Each structure stands twice: as structure tokens, then as C-alpha cells.
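In: coordinates only, sequence not included:
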């Protein structure tokens, strides 16, 4: 259940709702949604209890019966698809129905030259958002771990130079503020999908969050992770499928496009696809990027590099500049080809909680 | 390695090659390919041995160094994509580059009325090939097992009535001849992908074979299963991805579209996609069918039913007639949208071994 | 539901039950169990219908409400664990509670010398049943496919020479009679677990059947496969876990010992474990064989070879003679150590349907 | 490669080695091991380079050619199994060869009464280490998240009262110090196995760490995660297998005991098994706990609760007090039964870096 309090409710009024519920052995969890105080319950309130609650807590405005274990992420709560607004001014991009965004850039920021050269290509190819890793989650402690804050600063400058909003991964609470300062979207990586303290921290940062699906996460676990962010009052969440663990050594992971369509039925949040990490092979990125457009996803995120053979990380899955140009053109052709089938519904924009 | 004998070589000459190889501790397996006798080896022959073999067996025409464990299925053996010609006369359809075929029909043939009604819809929707199960591999012995030969006869009649070639599953050697008599394509189901005696039998039947990928088969295991068919001299093999086993209960299986692209790089055989069994959910079939077109697959196979709620089997994944019409239109729009990207190469047709 | 007819009921009486059920839109499937004619239903019969059925079909003795989709394999139908009696005379072995059997032998029968040498070692090591493959399901058509009927004859002779019952795989209906003639247990391999026509054929052969779990089969699918055999009236079924498909390349498969314990709660059939195929590595076979004893499985099946480095198939997972001796001793020590915990319940023996 | 510097080497000397390597385009990563400064490389140094390095950096004592991507965790580096010493004084327990430890306690610390009651049972049953969660990683934000530091204090008191060392999970860097203050072992949960900043932090805390395997982590990824901890100079790492993601809904996860044996061949670190999270079912815990003893693991970790039906978390997988007693007795019987087979090798103890 989801209990929505009237606009302007105070912390004390929220606590009163929680206390009254506790009195009938129901645990309520305070959260925020769309600028309102809400209380979430996993237990069910029958009609009698709802009437009683309205009576003892007049600040309760509505009580919604949401059956999914995730509440704020649920399509039951919000049937129409959400749009997340990224960046500001002439660097603003909308992620949601009616758009198909392309996030592109190097796996890892290696140098000013490499990043700016790539950013120019990304812009020229018609992509919308610049990606680049400054903090890299590497399987081995003996691999390049990223340029850190220095990389963040370069990313911000490149974004401003080429009028592109930016996205980069944050791996630990200690760096949430820094990443939020320099980047437009905070990415939570697949390995951190259930790093719950980090999810709360990025939620509280108040900026759009890109939440990658863990390699063995069910759709429900993924939406529950999103719920951690949403429950902080931050509704700017973009989901990103990047492949699940599989048994075939040919591809790095198995891109679960059926899961993308299925999750779109369960949530109002925009969903994009990362064909680079899903496959680990350059030649597979374009076909799967086009497939993302065909299924009605809201965008893709791909790795590209002017000289993949020299990349410090994931060169084998980075596409070439000319491939990016072709891919951007291709996804727009496919999007146009399937438009009649998906007939995007009206979308109300999400406003960042003030 | 693959040793190709001169046209018109006799069984005795093949046996001589095998015997000579045995003399140097190399095991050769006789097979047929493109009307020629061939001998396949998994061991390597160095230059010296090749020269020697040419000398002692003058009927050896060429010796190809194919590194993949599958030989006849390999893109090394035949770089250009193959086309499989299905059906005859005005019911002829080509499966391969430059086409995107749609195979559609009921999961199970239930009655003359149901089948003919569906076949009419399939034709009207613009689909190319009629599918329908007469022998059904059911998890439970207490489920409807299909109409058997009676169903095959209905399928043949429906195909002739609506000018559609037909495809149906064969589950055991005892019925290969019957299925080959009444249907245009013999389907080997996912559960039988490594039923090696059956693979040989359908190969020897000399008709096109649709080989589904097993739910936990690697790409290599899949191509090795195709090799069993090819090595009988039957090169009319169409591969079909239908979802691999996954951990998320939302979808029946995980459709591995990355695997489809990857397998296309390894083989010359056409590859189609079955989004119905992959997902088990009607609402996911259209998006994933469109995705199959976007990745450059050679077609799809979908289940449809005029009244899915009354279907004896798999009603939940059968699409409605109007959805089939929309899907056929959609895959052709997508195929057109991505044509420039895939630039289909020239294809030489496969001729059924006489 | 499971409808048990009185002893001595005729085919006509069974058909009458099925016809009466059809009259109320319920599909009944005739089967045999413990020498009785039975009718299985997946639909539920309420009290009223049960009373009515008893009235119209007096030959109905009992109607059991079995909720599992498998009926005859279910622990609901038969709470006490079954014992399968294998072989005859001084080659008789009981597989079930109170025993821990060790089936051992070469992956593939290669020659008389290799088989007899191994059989001698198997006997000497204290193992109970001799295994050996005559028909081999090989991933590649270019691998040794087994000695065939010649191998079956050698196996029978070796079994008689060393007083060991024998088990060997049958891959196709055409050879069921031959395998049933020469071997004591018919093995259905993992790849054929859902080869339903084959399941019926081995059932009808009337000899004990060893049913391996498919690499991506759920426990329910496995028991449903067993149900195909049981429904023919053959209750001599032994289940064998041999590893499920996993993502780690270190081991060939993932041995699912938790699945073994879980399946034992669902069925009365004996369950054994094959640590050789599960791992593909010799050094892992002994630890996992001991683990099978620790969880209360009914036995193990292992591959051994006097000279594994010369084996034509699966040499890397075959244990050495001295390891087999140690393993047999070890499993008996472990079985003794855990006896108090599992307190084997009384078992009524299964009689082969006459 | 692993470069070991002489005892007493300074940071400057380490930096000189790294600088010299950089001069020949090799990246060296400083780490600490067994009280020594070391430099790890993933690139190979040939003989010539090794000779040169010894010459230009006289403080280099030895250069080891370790081929595994993990260096300090590798059995190549340290062939004999390690022992981790946990707790102090009369609460000291050794985890390693020659012991089989049982860690037991409630999933979640709920109250003083519940914890002390359970601790008494744990002691009485003969278990060695007390577990209990104070910070709980919960899939849902609307589930009980643990008692936090209050719980840690209770755990410490219970450990001292019953002379048991303690283990508890730490989920974020901010609480590493608190957990290290109150508990004897810091547990890194499966969801955090690749939370690299956390791995470094727990390493630097200088206390024993229990590192759970992620649900889709390969053995190599698991050992690489251990390497992050080891490279901080903390060698007190215990690995814990707790089940990998599987497709069968009957069990929560698939306990990969073959993976445990395989990882023991690759590393010198002790490995224990958690049958509670692996299965999610009480009735499976004892059999799999016994299996852990049978394969030669170094211990188990199980959840128990005096009243599982009232547990706030994971009650279904918590065993009852009498089951714990039986399990402890059982694992020791099994360990004795297999002792001859595993013949524990000599172990040199790990000393905590001063």
C-alpha cells in the first residue's frame, strides 16, 4: 500500500501515521514522491483499517492499493511513462517516451586529448549524451582504476564544449557529491545494483540516476533497487539493461531484450540498453543497438573510441567513429519504422524534488 | 580439415581415403556436401601429409583447413550466406539473405476448422510459411500430445489451399518419413537438438530442416548439431533461436539475440527467431519479432490463434490475428530501415542433394 | 488426481472411466502402476464428482487427490522411498534406502581388453554395478560414436564374468530391445531427458531405467520425464543428477546437490549422483562422490579407466583404479557417519510389472 | 608476476621499482603481503628484464612468475593452505586445515533476548563462532534494515558472555571502523563482492574478513575480489560459497560445491560453505552442511533461531536448536570419516600485518 499525505505535511505528521500503523502491528516506511510525503507498507490494509486511518490521521490524502512489492516504481502507481530531464539550458535532453537517446563515449577517460576527440565525434554523429568513466570498477586490483576527480573535470569541460549532458559512474558514497557536481547523470554500475547505502546516497544527491541491472538480478530485484532511490524523493531514475550472466563463452553476457519489454510493463521509468557491455564484441553492438530501438526502448548507451586498439579498457567492444554515425542514423530509422506500433502515450514530466 | 573428393567419386574411393588416413593414425569421417563426397577430420594435417594424401589418393580434389570443430556449417568453408529453398511451385519461399520470412500458425493443430481459419489469417496477414504442431513434445504425459498423422494431412491440405509451404515438428525417427511426405520443412525441437540419431534421420530425408537451439546449448553445440544434418549431404538447414534458460520467472526463456548475431558470424546457414517460445507472453512477441528484423535475422516463427483463450496449448503466447498483420507489416518496415546497414551479400542457393 | 481401478480391471473398464470423465469435460490418461490400471487427471475432481464416478464406474477402487503435476512419481502417492532391484541371481543389487550403490566403469567401451580390465578393477574396488557406453551421444559427428551392439555383448560378458549387473545408455527406440537384452539397466542420457517417445519405449521394455537430469531441467520437468516412464507401468526408475549448465568455465557443469535433496522430498524414487560428468575433472570426482553420500543420496555413478590418458572419450574426468578403491571405501565411511541423521525408513520393494 | 622487496623496504624504494618498470612500459601495482612490500604486475617479465630489474633495484629480493591473474591469493604463490586466526584469548578459533568450524546464529539480531538465547544454543550445540546481522542488505527498502550499531554492541556482549568470536556483515565504508571495533570477523556480503572500495576498506581494517561469493561470480572473479583485500596487506581472508543463481524455483540458489573444491585447488585461502542462503529451506541445510564436510571445506555458516516462525528475516531457512546440535555432531563425524582421504597438509599460520 502507499499512503499519500497532503501537500505540506510535516515530519511530525508522517511520524504520526507511522505510529498509528505501528499500533495495529503494521510497519510503515516514510518516503517522498513527487514532492509529497508518503508512507509505504508491504502489508495490506483492509477497508476498515483504511477508513480508520483516514479518521485518526486527517493529513492522509489518499491510500493506494499497490500490489507490486515496489511501490513508487510501479506502473500501478503511475500508469503513464515518465520522462527524465537531463542537463540544463542548451545541454538539456529528455529521456522518455517520444525520444530515443544515444549516450556514447569512451569506456574510460584516459586523457584530455582522447576525451575531447571522442566528444567531438559523439556530437558529430548525432548522439545526445556523453559518457566516460572516471572511477572504474575493475575486476582486478592490478588494472587501471580511472583518472578520478581529474577525469570528472575533463568530462564536465568536454560536455560544455560540445553541448552534451554527461553521465559517469559513481562507485562509493564518498564521491557522490563530486560526481553530482561535475556530471549530469550519476550512474550506478551493475556490480553495485544492490549496494543499498549507495542507492540512498545517489537518491539524495537529487540528480538523475542511471541504474544498471545486475548480471543476475531479476526484474523485481532491479525495480526494488530503483525503489531505494525513488523512496528518497528522487524520481529521476533511468533503468539500463546491460546483459545478464550466461553460459556461452562467445558473448560476454546475454542481452535480455525480452526483460526490457517485460520491465516496461511493470514500471513507468524509462529503460535504455547497453549493447557494449552486453556483448563485449564490436560487431554485435550495432545490431543490438538497432534491436533496442525496435523493441521501443528509450535509448542506448554505447562505448566508442577513436582508436579502440589503444583503449586502456574494453577496446574490443568500443565501436569506431563511423560506426557510431551509422548506428545513430539507424536507430532513428528503426524508431520511425515502429512508431505506429508503439504509439507513445502522453508523458508527464518528472520534476526534480526541490 | 575437410577433404573434398572429385565429382563422381565412388564409395570405394572414399573408403580408400579413410583407410590411408587411418594408416597415419588420423580418423576421417565420410560425409556429403554440395553433391560431393567429403571426408571430415578434427585432427590437423600438416603440409607434408597433405602432399602425401594428394599423391596416394588422386581422387582428392582439395584439402581445406577449417579450424572450427564444425566443418560444413562453418563460415570458413562457405563465407557467403546460404539460401534454403522451401516448398515448390507457387508455394515456394526462399529463406536466406534478402528475404525476411514469417512462419506463423497455431502451436497445435486442433481441428480442421481451427487450422484452416488460422491458415487463412496467416495468408491474409502476409506471412510466408504455415506452422502447426501435429506431434507435440509435452512436459507432462497427461497433456494433449497432438493429432499425429491426421494433423499432418490437415496441415498439407491447408498449405495447398492457401499456397503456403508448411513446417511441423518431428519427434522420432519412426515418423520422419510421414512428416517428410506431408510437410515442406521438418522441425527438430529444442528438446531434441542433441537427439543425434534423429538429426541423421531428418538429414537423410532430404528436405529442409528447421533446427531449434536447445535451451542450454552453446552456439558451438548448436552448430555441431547442424553438422550432424549437413554431414548426411542435406544442406537445407535453417537455424532457429527460441530462448535459453534463465533465472527470471517473468519470461519463459531469455531470447538470446546477441547469440543470433554471433552465430551468423560463424556460419553461412540462415537463422530465424521464435519470439513466442522465448517469452511465453503475447505482449512480448511483437517487440521481439521486430528486434529480430533489426538485427538482420532471416525471419521469425510465431504462434497465432484466432481464439488464443481456447487454445489447447500455449494460448498465452499466441498472438491475435490483428497482431500478426501488424507484426508482418512491422518487420518489413524495420527490414527496410536497416537494409543499408546489412547490405546483404550475394547468396548462392543450396540445391537439395539429388 | 489419480484413479486406481480394482485388480484385474480390463481395458474396456479403463476406457469406460475415461469416457465417463470426458462426459464431464475432464481428460483422463490411462496408465499402469504397481500392476494396476490407473487413470491420471491434471484437473481436480470435487467430492460430488468423485461420488458420482464411484457410482457409475464400480471398478474404481480409490480416487487419490495428488496435487503435484506428476502423479506416480510423487511422494504424495507413495510416501515411503522405493527400492529398485537390478540384475538377477548373484548379480542382484538393490538401489534404494539402506544401500549406497557405486556404479563404475569406462565412459566408452573401447575393446574387450579395456572393458574386462576395468570390470576387474570395478569389482575389486568394491563397486556394485558396471557401467560402459556402447552408444555414445557425441557433440560432434566426427567423434567416436561407440562400438554399438558389439559393445553391448562385451558388457554383458564382463558383467557375467565379474558378477556385476550392468548399465548402459540407449539413445534411440530402434535399439531399446537390444539394450534391454544385454544390459540390466537402461540409461536415458541427459540430452534425451525430454525425448518423450524414447521415455515410453524404455518404460515398455520393463527393465530398470536410469534417468539422467537434463542440464537445464527443473526438478519438476525431471519428475515429469520420470512420469512418462512410470505411466507405462514400469516403476523401476532411478534418477541421476549429473550437473546443470553453469557460467563458470572451470567445471563442465554445476553439480546441484541441493536439487538432489529437494527432489528426494518430492518423490519416492531413488536418486543417485554422477560427479564425473558434473565436473569433467578427475580431482573433483572423489570429493563430490563423498558429498553424495553425505546428503543421503542412494549412490553414485563414476567413470574410471585403467589408463585415462588413452581413453577415447572423457579421459580427463575418469578416475584411476586406486582412486576408485579409495572412493568406495570413503562413501561407505560417510554413509555410516550420517546414518543416524537420515534413519532410513522402511521401503517396500518395487516389483517389475509382470 | 610478483616482485617481493627485502624486509624493511621503504615507500621510496617501492616507488623506484614502479618507476623503473614504467620506464619499460610495464605497470606495477604496489601491495603488501606477509609484512613485505610487493609490486604486482599482470604483464610478463622475461629473464633479461628480471636480471635488469635486480640490477637497478637492489632492494628487489625475489621475482615470482605467477600466471594466475590473482597473485597473492594464488596457490602458485603459496602452495600450502593458510589458517586464519579469529578472535583472541579464550575466544580464539583457527579457520584452516585440520579444523572444521561451525559459524551459527540468527540471520538478524532482533533483540537482546533473542540474541543471547541463540548464542547460548550455539555454544551448547558445539558451534565455534557466533554470527548475527546488525546491518542487513534487504532487497526491499520496506523491510527491516537491522539494529545497526546497537546490534553490534549486543553481538560483542553475547560473544564475550559465551566465549565465542563473532562475525557480522559490513555494508559500507562508513561503518567499517564500528564493525571492526565490535566484531571479530568482517563479512562482505554476496551483493558487495565486487564493491571494490569496500573491499579495500575492510582490508585496511586489519581484521579477518569473510568474503562471500557473488551469485553470478566466476571463481576467478571471486579470487580477484579476495586479491583486493590481500593487496592491502591483510591476509586474513576466508572465502564463503553461498549459492549461485539458478533456474529452478525450488531452491533459492544453487550451492556450487564443485566450485568449492575447484577454488581450493586455485588458492591457499580457507573456504567455508553457507547452506542456509544457498537453499532458503530448512530441510536442506543439514544435508548440505554435511556435504561441506565431506568435500573437505574448512567449515560452514548456518542460520539458526530459537523460534524461526517468528524471525524477522529468513525464518524459513533457519534451523532449530536441536538441528544445530545434530548438524555439529554430524559434520565432525563426516570430517573424521574422510580424514584419511584429505590428509591435511602442514599449514603455516597467517599473522595479521602489524
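Out: Everything's here; your move. Given the structure is predicted, the values throughout are model-derived calculations rather than measurements.

In: rounded mean pLDDT for stretch A:72-87, please.
Out: Mean pLDDT, computed over stretch A:72-87, is 96.

In: buried residues in it?
Out: Within stretch A:72-87, the residues scored as buried using 16 or more other C-beta atoms under 10 Å in any protein chain shown are A:72-78, A:81-87. From N, CA and C alone the C-beta is placed, and that goes for glycine too.

In: same question for stretch A:45-63.
Out: For stretch A:45-63, by 16+ other C-beta under 10 Å, it's A:45, A:49, A:50, A:53, A:57, A:59, A:60, A:63.

In: neighbours of the residue in the stretch 51-200 of chain A positioned nearest to chain C, how many?
Out: Of all residues in the stretch 51-200 of chain A, residue A:139 sits closest to chain C, at 14.1 Å by C-beta to the nearest C-beta. Neighbours of residue A:139 under the rule other C-beta atoms under 10 Å in any protein chain shown: 19.

In: is chain D within reach of stretch A:8-23?
Out: No - applying C-beta under 8 Å from any C-beta of the partner chain, one finds stretch A:8-23 separated from chain D by no less than 12.0 Å.

In: which residues does that stretch contact?
Out: By C-beta atoms under 8 Å, 6 or more residues apart in numbering or on different chains, the residues outside stretch A:8-23 that reach it are A:3, A:5, A:27-28, A:30, A:36-37, A:39, A:41, A:53, A:56-57, A:59-60.

In: mind giving me the packing neighbours of the longest helix seen in chain A?
Out: Ranked by residue count and defined by DSSP state H, the top helix of chain A is helix A:321-342. For helix A:321-342, the packing partners by 3 or more C-beta pairs under 8 Å, 6 or more residues apart in numbering or on different chains; DSSP states H and E come out as strand A:101-105, helix A:112-125, helix A:282-294, strand A:299-303, helix B:282-294, helix B:321-342.

In: CSV for these, including mean pLDDT?
Out: CSV is the format used below for the helices and strands packed on helix A:321-342 (pLDDT from 0 to 100):
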stretch, mean pLDDT
strand A:101-105, 98
helix A:112-125, 97
helix A:282-294, 97
strand A:299-303, 97
helix B:282-294, 97
helix B:321-342, 96
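
In: with mean neighbour count as added columns, please give these in TSV.
Out: Formatted as TSV, the helices and strands packed on helix A:321-342 follow (neighbours: other C-beta atoms under 10 Å in any protein chain shown):
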stretch	mean neighbour count
strand A:101-105	28
helix A:112-125	19
helix A:282-294	28
strand A:299-303	28
helix B:282-294	27
helix B:321-342	20
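
In: of all those, which one is nearest residue A:219?
Out: The closest of the helices and strands packed on helix A:321-342 to residue A:219 is helix B:282-294. By C-beta to C-beta, the value is 12.2 Å.

In: quick check: angle from the closest one to strand B:299-303?
Out: Relative orientation of helix B:282-294 versus strand B:299-303 (axes from the mean of the first three to the mean of the last three C-alpha atoms, to 10 degrees): 170 degrees.

In: give the contact list for residue A:288.
Out: By C-beta under 8 Å, 6+ apart, the neighbours of residue A:288 are A:255, A:257, A:273, A:275, A:278, A:279, B:257, B:258, B:261, B:295.

In: which of those sit farthest apart?
Out: The span of the contacts of residue A:288, defined through C-beta to C-beta, is set by A:273 and B:261 at 14.1 Å.

In: surely residue A:84 is in a strand?
Out: Yes - using DSSP: H, G, I helix; E, B strand; the rest coil, the assignment for residue A:84 is a strand.

In: just the strands in the stretch 151-300 of chain A please.
Out: Assigned strands in the stretch 151-300 of chain A, in chain order: A:166-169, A:185-188, A:209-212, A:237-241, A:271-273, A:299-303 (criterion: DSSP state E, counting those that start in this stretch).

In: just the residues contacting the first one, thanks.
Out: Right, strand A:166-169. Against strand A:166-169 from outside (C-beta under 8 Å, 6+ apart): A:87, A:103, A:129-137, A:151-152, A:155-156, A:158-159, A:179, A:182-189, A:210, A:301.

In: if we go to 7 Å?
Out: The contact list for strand A:166-169 (C-beta atoms under 7 Å, 6 or more residues apart in numbering or on different chains) reads A:103, A:129-135, A:152, A:155-156, A:159, A:179, A:183-185, A:187, A:189, A:210.

In: what's the answer for the shortest one, then?
Out: Contacts to strand A:271-273, defined as C-beta under 7 Å, 6+ apart, come from residues A:101, A:238-241, A:260, A:263-264, A:292, A:297-301.

In: make TSV out of the strands of the stretch 151-300 of chain A and add distance to residue B:145.
Out: Formatted as TSV, the strands of the stretch 151-300 of chain A follow (distance: least, C-beta to C-beta, whole Å):
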stretch	distance to residue B:145
strand A:166-169	53
strand A:185-188	49
strand A:209-212	44
strand A:237-241	38
strand A:271-273	40
strand A:299-303	44
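
In: thinking again about what came up before, ok, the contacts of strand A:271-273 vs residue A:220, which is closest?
Out: residue A:263 (9.4 Å).

In: how about that closest one: what's its closest non-neighbour residue?
Out: Excluding the flanking residues, the one nearest residue A:263 by C-beta to C-beta, 6 or more residues apart in numbering or on different chains is residue A:219, at 4.9 Å.

In: neighbours of that neighbour, how many?
Out: Residue A:219: 22 neighbours (other C-beta under 10 Å).

In: would you confirm that it contacts residue B:251?
Out: No - using C-beta atoms under 7 Å, residue A:219 is not in contact with residue B:251, being 8.8 Å away.

In: which residues do those two both contact?
Out: In contact with both residue A:219 and residue B:251: A:259, A:262, using C-beta under 7 Å, 6+ apart.

In: buried ones in stretch A:12-30?
Out: A:13, A:14, A:16, A:17, A:18, A:20, A:21, A:26, A:28, A:29, A:30.

In: pick the one among the residues you listed closest to residue D:145.
Out: residue A:29 (9.5 Å).

In: okay, and the beta partners of the closest one?
Out: residue A:40 (DSSP bridges).

In: contacts for stretch A:131-141, please.
Out: A:103-109, A:115, A:144-148, A:151-152, A:155, A:167-171, A:175, A:189, A:191, A:301, A:313, D:29, D:42, D:69, D:194, D:196, D:221, D:224, D:227-228, D:231.

In: residues contacting residue A:42?
Out: When contacts are counted by C-beta under 7 Å, 6+ apart, residue A:42 touches A:69, D:140, D:142.

In: thought the last one was touching residue A:40?
Out: This points to residue D:142. Yes - between residue D:142 and residue A:40 there is a contact under C-beta under 7 Å: 5.0 Å.
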